[in-house]
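Participant: need the 3D shape of this:
(chains A and B)
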Amino acid sequence: MTEPAQRTLRGRVAVAGVGETRYYRHGRSPDAEFKLALRAVLAACADAGIDPREIDGFASYGEERSDASRLAAALGIRQLRSATMQWGGGGGGCCAAVANAAAAIVAGLADCVVVFRSLAQGQHGRFGQVAGIESISGEKAYLMPYGVLAPPQRFAMQVRRFMHEHGVRQEALRAIALASYHHAQSNPRAVMHGRPLDAAAYDASRWITEPFHLYDCCMENDGAAAIVLVSAARARDIAHPPVYVLGAACGSGYRTGAPVHNAPRYAGASYEQVAPQLYRMAGVSPADVGVVQSYENFTGGVAMALAEHGFYAPDQANEFLTVENLIAPHGRLPLNTSGGNLAEGYVHGFELVLEAVRQVRGTASCLAQRRDVALVIAAPLVTPVSDLLLGSQAALG
Amino acid sequence: MDAPTYLPAGLPAPAVEPDGLSAPYWAGLREGVLRVQHCRGCGQWQFAPEWLCHRCHAFDLDWEDVMPRGQIYSWERVWHASHAALQVHGPYLVVLVELAHAGGVRMVGNLLGDPHQPVRIGAAVHGVFEPHPHPTHPYTLLQWQTGPSG
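Facilitator: Numbers count the residues shown, from 1 in each chain, chains lettered A, B, ... in the order given. So this is what the prediction gives:
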């Protein structure tokens, strides 16, 4: 038996619908986390014009608590055929979850898969605070007693080393934050809508962990977001122009997970070997990408991830990362056009996937001039990471 | 009266996993000795500990005594408290140290002294053992101070 000619996701699967709840400041959601998940799933199905009972799979990541079987029972779906969870506790899986769902459809395991993330930090505790732990073992035993407790402290030394090796200045990080806030001012969904940020306010903001100012760090929010994936053939029947999966990739390089900051390539975002795989599957190059959503746990990780996706050499980060270059519609590379994790809503990055769909559809609040090919980069600096390219019919050629 | 520690009491205390993988490391620190895994098969140093040598796949690496000296590979100054025990403490320094005598493996610790001091990547540091008396599970941390030796 011979191998199929081409093993790929390219053009085989499309996003039929997107939906989300309102995004709240952490602890402000009137709804329980599971109720948020249900609302997002129903909204995505309504957008797709698909009866929620037709869903036959769920995919998520980041230790999602809204269990697939409970969702299936609550929604009364007829049959559950695919239920996949991406390993890794952080937002590194927000694109891998889409890839896993798409792979299930391509392989014939399921026909209509919802990919989602729901998060009520008020109900379940904040990522940015550690409490109630008297003793700790494993990797954290070498970190927490020294005050390396939460993500800002976990990632700042990686970013510091990157800045040291490549002469990256604070202004480059600042431009990423300012671009997100700029875009959020046009997005009524954004938690920071109506709360503009300028360079002086960034510079004056307190340090969280050097080199991260307050505005270099993502928000913590309550909310849920979902998309509906179907086969490309099925997508032709829906109301919206189909948004195709061009490619997806996931993983990390040699010993990225070596514990206690012992990754050989320490000053990296974990995309060095993942990004080329993505471009290869999608059949595009960085020059073809018109708009990028790049997960900001911290701005520094975005600076690293964009370099690893081929938009500039690390030594050119200062020149590339300017506000002018990063804002829609005319910047060289419009970035985080909804406001992203910094200013729209932190739904563990899944809101970035929805924004990429809106760019390709032409319904985003800050449209990029070129948006036939939209890139999503999941959380940098962790392992496994993942990324995703979405595109229009025109992008498929 | 106990000797002061760099960070206040109340942070999570290190504990050996149920499978005992890191027991020699934490026991060593309590004795004032830094022990790092060293593969008798291929000579590879390894930290944090693992059951297997990542280079030659030999199991059960030796634990070797290592001089706690190295240089700062990266650093951070923490201002925002992520734990109740740090709420009124003020900024503190964390360094990632590349060990000179253990194949360049890296360890995380605090940089002792003025938390506002300038920190330079590449600066030489030496280890300082910091005991934490605890009624049920006392432990010792390995901290760092600038300068080649104590």
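Participant: quick one, helices of the stretch 201-350 of chain A?
Facilitator: If you assign secondary structure with DSSP state H, counting those that start in this stretch, the helices in the stretch 201-350 of chain A sit at A:232-235, A:274-282, A:299-308, A:317-320, A:323-326, A:340-343, A:350-361.
Participant: what's the closest of these to chain B?
Facilitator: When the helices of the stretch 201-350 of chain A are ranked by distance to chain B, counting by C-beta to the nearest C-beta, first place goes to helix A:299-308 at 11.2 Å. Every residue, glycine included, has its C-beta placed from N, CA and C.
Participant: can you count the residues close to residue 73?
Facilitator: With no chain named, the answer covers chain A. Under the neighbour criterion other C-beta atoms under 10 Å in any protein chain shown, residue A:73 is assigned a count of 11.
Participant: the chain in question should be chain B.
Facilitator: 22.
Participant: would you verify that residue A:16 is located in a helix?
Facilitator: No - note on residue A:16: no helix contains this position according to DSSP: H, G, I helix; E, B strand; the rest coil, which reports strand.
Participant: who's in contact with the closest residue in space to it that isn't next to it in sequence?
Facilitator: Spatial nearest neighbour of residue A:16, excluding adjacent residues (C-beta to C-beta, 6 or more residues apart in numbering or on different chains): residue A:48 at 3.8 Å. Taking C-beta atoms under 8 Å, 6 or more residues apart in numbering or on different chains, we find residue A:48 in contact with A:16-17, A:228, A:230, A:238, A:240.
Participant: which two among these are spaced furthest apart?
Facilitator: The largest separation in these, counting by C-beta to C-beta, is between A:230 and A:240 at 11.6 Å.
Participant: ok, these two, which is more surrounded?
Facilitator: Set side by side, residue A:230 and residue A:240 give different neighbour counts by other C-beta under 10 Å, the larger being at residue A:230 (24 against 19).
Participant: neighbours of residue B:51, how many?
Facilitator: When counting by other C-beta under 10 Å, one arrives at 10 neighbours for residue B:51.
Participant: now swap in residue A:25 and tell me
Facilitator: 15.
Participant: about what we covered before: and the contacts of residue A:48 as CSV, adding pLDDT?
Facilitator: Formatted as CSV, the entries for those read as follows, by pLDDT from 0 to 100:
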residue, pLDDT
A:16, 98
A:17, 98
A:228, 98
A:230, 98
A:238, 92
A:240, 92
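Participant: ok, now which ones touch residue 80?
Facilitator: In the absence of a named chain, this looks at chain A. Shown in contact with residue A:80 (C-beta under 8 Å, 6+ apart): A:56-58, A:68-69, A:72.
Participant: my question was about chain B
Facilitator: Here residue B:80 is in contact with A:152, A:206-209 (C-beta under 8 Å, 6+ apart).
Participant: now residue A:132
Facilitator: Residues near residue A:132 by C-beta under 8 Å, 6+ apart: none.
Participant: what's it sitting at in phi/psi?
Facilitator: With angles defined as degrees, to the nearest 10, residue A:132 sits at phi 70, psi 20.
Participant: again with the one 3 residues further on
Facilitator: Dihedral angles phi and psi of residue A:135 (degrees, to the nearest 10) take the values phi -140, psi 160.
Participant: identify the bridge partners of it.
Facilitator: As for beta bridges, residue A:135 partners with residue B:13 under DSSP bridges.
Participant: burial of it, as a residue count?
Facilitator: The burial count for residue A:135: 16, using other C-beta under 10 Å.
Participant: tell me the pLDDT at it?
Facilitator: For residue A:135, the pLDDT comes out at 88.
Participant: residue A:210 now?
Facilitator: Here the pLDDT value assigned to residue A:210 is 98.
Participant: nearest residue to it other than its sequence neighbours?
Facilitator: Leaving aside its chain neighbours, residue A:210 sits nearest to residue B:77 (4.3 Å; criterion: C-beta to C-beta, 6+ apart).
Participant: now the one you found: how far from residue B:95?
Facilitator: As defined by C-beta to C-beta, to the nearest Å, residue B:77 lies at a distance of 10 Å from residue B:95.
Participant: likewise for residue B:36?
Facilitator: Taking C-beta to C-beta as the measure, residue B:36 falls 17 Å from residue B:95.
Participant: what's next to the lowest-mean-pLDDT helix or strand in chain B, contact-wise?
Facilitator: The helix or strand of chain B with the lowest confidence, counting by mean pLDDT, DSSP states H and E, is strand B:13-14 at a mean of 96. Residues outside strand B:13-14 that contact it (C-beta under 8 Å, 6+ apart) are A:134-137, A:141-142, A:144-145, B:26, B:132, B:134, B:137, B:139, B:141.
Participant: give the next helix or strand downstream of it.
Facilitator: Past strand B:13-14, further along toward the C-terminus, the next helix or strand under DSSP states H and E is helix B:23-30.
Participant: how distant is that following helix from the center of its chain?
Facilitator: Taking C-alpha atoms, centre = their mean, to the nearest Å, one finds helix B:23-30 lying 11 Å from the centre of the chain it belongs to.
Participant: so for that helix, mean pLDDT?
Facilitator: What helix B:23-30 shows for mean pLDDT is 98.
Participant: is it correct that residue A:298 is in contact with residue A:213?
Facilitator: No - taking contacts as C-beta atoms under 8 Å, residue A:298 lies outside contact range of residue A:213: 10.1 Å.
Participant: more crowded one of those two?
Facilitator: When neighbours are counted by other C-beta under 10 Å, residue A:298 comes out ahead of the other of residue A:298 and residue A:213, with 31 against 22.
Participant: ok but residue B:89 is inside a strand, no?
Facilitator: No - judged by three-state DSSP, residue B:89 forms no part of a strand; its state is coil.
Participant: surely it and residue B:5 touch.
Facilitator: No - using C-beta under 8 Å, residue B:89 and residue B:5 do not qualify as a contacting pair, with a distance of 11.4 Å.
Participant: and the contacts of residue A:48 as TSV, adding distance to residue B:114?
Facilitator: What follows is these, written out as TSV (distance: C-beta to C-beta, whole Å):
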residue	distance to residue B:114
A:16	59
A:17	57
A:228	56
A:230	60
A:238	63
A:240	59
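Participant: related to what we said a few turns ago, which one's more surrounded, residue B:77 and residue B:95?
Facilitator: Under the neighbour definition other C-beta under 10 Å, residue B:77 and residue B:95 were set side by side, and residue B:95 has more, 27 against 19.
Participant: quick one: residues contacting the more buried one.
Facilitator: So residue B:95 contacts B:72, B:74-75, B:108-111, B:119, B:125, B:144 (C-beta under 8 Å, 6+ apart).
Participant: and if we set it to 10 Å?
Facilitator: Taking C-beta atoms under 10 Å, 6 or more residues apart in numbering or on different chains as the contact definition, residue B:95 lies against A:146, A:157, B:70-76, B:106-112, B:119, B:121, B:123, B:125, B:143-144, B:146.
Participant: secondary structure element for it?
Facilitator: Here residue B:95, judged by DSSP H and E, is contained in strand B:92-99.
Participant: tell me how far that strand lies from the chain's centre.
Facilitator: Between the mean C-alpha point of strand B:92-99 and the mean C-alpha point of its chain there is a distance of 9 Å (C-alpha atoms, centre = their mean).
Participant: got it, and stretch A:293-312?
Facilitator: Computed by C-alpha atoms, centre = their mean, the chain-centroid distance of stretch A:293-312 equals 11 Å.
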